[in-house]
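> please find the sequence and the predicted model below.
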Amino acid sequence: MNVSGRDEFFAKNQRDLAALYLADPSNPYQQSGRSSGAARWHETRSLIADAVDRDGSFLDVGCANGLLLETLAQWLTDRGLTIQPFGLDFIPELVDLARKRIPQGRFWVDNAWSWVPPQRFDYVRTNLEYVPAADRHDSVERQRSWVASGGRLILCHYRDRGTDQVDVAEFLETHDYGVAGAAVADGVSVAWTDL
């Protein structure tokens with residue numbers, strides 16, 4: 001995709017997501033991208049906990065209000081595991097909410113496409129739909145470089161109404177990445193690859 005098309009894609013997403021996520025200050029699920037409540041949240045987000053097999057630093061790309069990091073830490077504590085929370089989002093108001101939710105975490109405001117991390121992480125979690133389809137492979141390559149040696153890149157795809165589901169494990173295989181594991185729920189595909 002050309003630079004102006006990509007820039008327009010990011011600008012539109014930033015505007016649309018800020019309007020949607022921040023529309024209801026009383027709904028933490030909506031502030032994190034889903035407004036369907038706790039049960040659906042658990043069904044679609046707890047899959048990510050399956051990718052975490054040891055303690056370590058965890059970067060949530062597109063962290064929104066930090067709810068995923070908060071609930072993921074709780075689910076992992078129940079399994080005897082601990083993560084150090086880090087987050088990145090390009091909507092400043094959401095990062096402010098994440099900082100309030102997880103004061104011990106470290107958060108950055110930036111676009112993942114051009115961001116240069118200050119360190120590498122044991123786990124990096126991101127969504128394929130954060131970039132135009134034509135840029136997905138390049139985005140994964142960039143974010144793989146953010147993962148520490150022996151770490152894991154966790155890719156997700158959440159289908160929106162009117163869009164097709166992407167099989168993330170198939171995406172990884174098509175691009176010659178090893179698939180260390182995968183999980184699915186209705187409208188959700190998660191897979192991870194080790195470095």
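Structure's in. What do you need?

> nearest residue to the middle of this protein?
Among the residues of the chain, the one closest to the centroid is residue 126, at 3.2 Å (Cα atoms, centre = their mean).

> how about it, secondary structure?
When classified by DSSP: H, G, I helix; E, B strand; the rest coil, residue 126 comes out as strand.

> please name the bridge partners of the residue lying closest to it once chain neighbours are set aside.
By the measure of Cβ to Cβ, 6 or more residues apart in numbering, the closest residue to residue 126 outside its immediate chain neighbours is residue 61, 3.9 Å from it. The way it works is simple: take the backbone N, C-alpha and C, and place the C-beta from them, glycine included. Judged by DSSP bridges, the bridge partners of residue 61 are residue 88.

> tell me how many other residues crowd residue 61.
22 (other Cβ atoms under 10 Å).

> what lies in contact with the lengthiest strand in the chain?
The longest strand of the chain (DSSP state E) is strand 147-158. With Cβ atoms under 8 Å, 6 or more residues apart in numbering as the test, strand 147-158 has contacts from 33-34, 44, 48, 51-53, 56-57, 120-129, 140, 143-144, 165-166, 168, 171-172, 180, 187-195.

> which among the residues you listed count as buried?
The neighbour-count criterion (16 or more other Cβ atoms under 10 Å) marks 33-34, 44, 48, 51-52, 56-57, 121-129, 140, 143, 166, 168, 171-172, 180, 188-193, 195 among the contacts of strand 147-158 as buried.

> next step: the residues you listed restricted to strands.
Filtering the buried ones among the contacts of strand 147-158 for strands - DSSP E - leaves 56-57, 121-127, 188-193.

> ok now the lengthiest helix in the chain, how far from the chain's centre?
Using DSSP state H, we find that the single longest helix of the chain is helix 3-21. Chain-centre distance of helix 3-21: 17 Å, with Cα atoms, centre = their mean, to the nearest Å.

> for it, packing partners?
helix 92-101 (3 or more Cβ pairs under 8 Å, 6 or more residues apart in numbering; DSSP states H and E).

> give me the helices and strands touching the helix it packs on, please.
helix 3-21, helix 67-78, strand 83-89, strand 106-109.

> in this protein, where is pLDDT below threshold?
1 (pLDDT under 70).

> give me the nearest residue to residue 104, chain neighbours excluded.
residue 85 (7.2 Å).

> looking at the helices and strands packed on helix 92-101, which is closest to residue 160?
helix 3-21 (11.0 Å; Cβ to Cβ).

> quick check, nearest of the ones in strands among the buried ones among the contacts of strand 147-158 to residue 93?
residue 127 (19.5 Å).

> my read is that the closest one contacts residue 63, right?
No: using Cβ atoms under 8 Å, residue 127 makes no contact with residue 63, being 11.2 Å away.

> and the nearest residue to residue 37 once chain neighbours are set aside, its phi and psi?
Leaving aside its sequence neighbours, residue 37 sits nearest to residue 29 (Cβ to Cβ, 6+ apart; 6.1 Å). With angles defined as degrees, to the nearest 10, residue 29 sits at phi -70, psi -40.

> could you do the one 5 residues further on as well?
Backbone dihedrals for residue 34, given as degrees, to the nearest 10, come out at phi -140, psi 130.
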